[in-house]
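**Q** Build me a model from this:
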Amino acid sequence: MAARRGEPKKSDVPFDYQATKQEYMKTIKKQADVRPWLQSELKSVIADIKMANGKSSELTQTYETFVSDDQERGILILRRDKSPTIIEVVSAEDSFDLFVEVHQATGHGGRDKMLQNMRQKYHVSEVCLKIFLDLCNVCRTNKKVNPEKNIHHTVIVDLLDFCATPEETDGDFGHVLIYKFKWSGFTLLRPISSTNFEKDIALELLNIFLDFGPPAKIVVDISRLSLFQSVIVQIMSLSCDFSVLVEYNVNEDPTKYCIKDSIQNWIDVNGTGKGWATMCHLLQWKINKSKSIEQSIHVKDDCPHSAHFK
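**A** Predicted coordinates:
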């Protein structure tokens, strides 16, 4: 395959090649079992097959190798009995450019259309393909959201940082995840570990999705866009049938400043950050039973709790 085969020309669709590739490479490295292998593992398998010198093994029964036309690299192919077709095994990293090429050639086709296009020549990881499709900025932008669900299934997500000084952290907790239903103003607060930051966010969001159902769309601060895109990809890589669009919020939600001030005042009064992670749950109840904090424009008379659950 030619290097950077999928990098779009200026006349192509506005696909963000560099940003998508960077996020893709970061995401695949976090997958516990990406097959076909990463480039380093693929090279090791090719070397093992060559050292086998024709001796039968699990690897040699499934794969074989040959040298590329330019004699610069070994190529791993699937062994197909009585079939002249060569199916090249493509590493997770090299798959990105192949995905871009096929995705654009099929008019931003989905999983099945892309696999049908590739399977006669290439063997790729479906896990990697799903990661790529979830990250495609063109598909995210063009994704249709049911107008009725646009209000009732849009949430605003943000993070508060209390890691500036050790005195403000509560043990391992240094951040607060804010999850606000746009239509009702109902807000969830979740303390987040600083040690397993991204993993903890993914776990808390997954728990919320399982309890309340996944939203059609979440909007985040633009500085957090890449983080939450990566988190949503991790969640959607599970067997759960979730499809969540991530967009950035042009206007900041004022609720987060009320929450940050409340937690900061608690820290100042107590002279320590110890205990604010528990206090977040009490603050959540206060917010959802109050009309004093900025509420959704769609709910005028009820407090968020009453509006959400009536």
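
**Q** the helices in the stretch 201-310 of the chain, which residues?
**A** For the stretch 201-310 of the chain, applying DSSP state H, counting those that start in this stretch gives helices covering 225-236, 255-270, 276-288, 304-309.

**Q** buried residues in the third one?
**A** This points to helix 276-288. Trp276, Ala277, Met279, Cys280, Leu283, Gln284, Ile287, Asn288 (16 or more other Cβ atoms under 10 Å). (C-beta placed from N, C-alpha, C; glycine too.)

**Q** same thing with stretch 252-265?
**A** Asp253, Thr255, Lys256, Cys258, Ile259, Lys260, Ser262, Ile263.

**Q** Residue ranges in the protein under the pLDDT threshold?
**A** Across the chain, the ranges flagged by pLDDT under 70 are 1-13, 31-36, 52-84, 143-152, 239-241, 250, 292-301, 310.

**Q** Okay, Ser262 and Ile192: tell me how far apart.
**A** Applying Cβ to Cβ, to the nearest Å, the value for Ser262 to Ile192 is 17 Å.

**Q** typo on my end, it should be Asn265
**A** Taking Cβ to Cβ as the measure, Asn265 falls 20 Å from Ile192.

**Q** now do Leu282
**A** Leu282 is 17 Å from Ile192, by Cβ to Cβ.

**Q** likewise Ile267?
**A** Separation of Ile267 from Ile192 (Cβ to Cβ): 16 Å.

**Q** cool, Ser290 as well?
**A** To Ile192, Ser290 is 24 Å away according to Cβ to Cβ.

**Q** Which one of these two is surrounded by more residues?
**A** Neighbour totals were compared for Ser290 and Ile192, and Ile192 leads with 23 against 14 (other Cβ atoms under 10 Å).

**Q** before we move on, what SS does the residue nearest to that one when sequence neighbours are not counted have?
**A** The shortest distance from Ile192 to any non-neighbouring residue, by Cβ to Cβ, 6 or more residues apart in numbering, is to His175 (4.0 Å). On the three-state scheme (DSSP: H, G, I helix; E, B strand; the rest coil), His175 is labelled strand.

**Q** Please renumber the chain so that the first residue is 6 from this point on.
**A** Sure, I'll start counting at 6 from here, so that last one is His180.

**Q** what is His180 paired to in the beta sheet?
**A** With DSSP bridges as the criterion, the beta-bridge partners of His180 are Asp166, Ile197.

**Q** His128 too?
**A** Under DSSP bridges, the beta-bridge partners of His128 are Val94.

**Q** shouldn't it be in contact with Ser96?
**A** No: at 10.7 Å, His128 does not count as touching Ser96 under the criterion of Cβ atoms under 8 Å.

**Q** which of these two has more neighbours?
**A** For the pair His128 and Ser96, the greater number of neighbours falls to Ser96 (21 against 17), based on other Cβ under 10 Å.

**Q** Can you give me the separation between that one and Lys26?
**A** Taking Cβ to Cβ as the measure, Ser96 falls 14 Å from Lys26.

**Q** Now do the same contact list for Thr174.
**A** Phe167, Cys168, Ser199, Gly278 (Cβ atoms under 8 Å, 6 or more residues apart in numbering).

**Q** and if you look at Cys144?
**A** Contacts were defined as Cβ under 8 Å, 6+ apart; by that measure Cys144 touches His113, Leu138.

**Q** any idea what it is structurally, helix, strand or coil?
**A** Per three-state DSSP, Cys144 ends up helix.

**Q** What does Gly280 show for phi and psi?
**A** phi 110, psi -10 (degrees, to the nearest 10).

**Q** What's the local residue count around it?
**A** So Gly280, with other Cβ under 10 Å, has 13 neighbours.

**Q** Look up the closest residue to it, ignoring the ones flanking it.
**A** Asp175 (6.3 Å).

**Q** isn't that neighbour right next to Trp271, touching?
**A** No: assessed by Cβ under 8 Å, Asp175 is found out of contact with Trp271, at 10.3 Å.
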